[in-house]
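S.K.: What follows is a predicted structure for the sequence shown.
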Amino acid sequence: MRSWKYLLPIPLVLGLLATAFEVNRPSAMADAAKAYLAALSTEQRGHTKFPLDSPERMNFHYTPVPRQGLALREMNSAQRHLADVLLSTGLSSQGIIKAHTIMSLEDVLKA
């Protein structure tokens with residue numbers, strides 16, 4: 001039987017889709033990145049920005065592994081929202097839903 005516990009709430013999905021449609025302009029990603037970085041503390045920015053040739057750039061996996069970046073759980077709700085807006089500038093609406101669905105599986109991986 002499928003557990004509905006891990007599905008995204010409808011208001012969140014609709015909000016992410018609306019954000020995706022609103023940011024359909026060339027400078028949207030740059031604007032979203034600037035807003036996101038401005039919302040972070042100096043220490044948080046240090047965990048967020050890496051040189052393009054950093055090995056950390058390719059350190060992403062489906063399973064939990066040690067990372068040097070800033071975790072979503074270390075952000076306040078406004079910062080997480082700005083991270084979502086930034087993510088939405090580079091993904092389609094289906095991509096946003098898929099990314100958030102994958103993120104919601106963290107509880108499954110913990111178990």
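M.R.: Perfect, thanks for sending it. Numbers count the residues shown, from 1 in each chain.
S.K.: burial of S88, as a residue count?
M.R.: Using other C-beta atoms under 10 Å, the number of residues around S88 comes to 26. In short, each C-beta sits where N, CA and C put it, glycine included.
S.K.: right, and the secondary structure at it would be what?
M.R.: Put simply, S88 is helix when judged by DSSP: H, G, I helix; E, B strand; the rest coil.
S.K.: That one touches A99, doesn't it?
M.R.: No. Counting by C-beta atoms under 8 Å, S88 does not reach A99; the two are 9.1 Å apart.
S.K.: where do the helices sit along this protein?
M.R.: Under the criterion DSSP state H, the chain carries helices at the ranges 10-22, 28-38, 42-46, 77-89, 93-104, 106-110.
S.K.: in the fourth one, what counts as buried?
M.R.: This points to helix 77-89. Of the residues in helix 77-89, those buried by neighbour count under the rule 16 or more other C-beta atoms under 10 Å are 79, 81-89.
S.K.: on that earlier part again, which of the helices of the chain is buried the deepest?
M.R.: Between these, helix 77-89 has the highest mean count of neighbours, a mean of 18, where neighbours are mean count of other C-beta atoms under 10 Å.
S.K.: what helices or strands is that helix leaning on?
M.R.: helix 10-22, helix 28-38, helix 93-104 (3 or more C-beta pairs under 8 Å, 6 or more residues apart in numbering; DSSP states H and E).
S.K.: repeat that with 6 Å
M.R.: On a contact count with 3 or more C-beta pairs under 6 Å, 6 or more residues apart in numbering; DSSP states H and E, helix 77-89 meets helix 10-22, helix 28-38.
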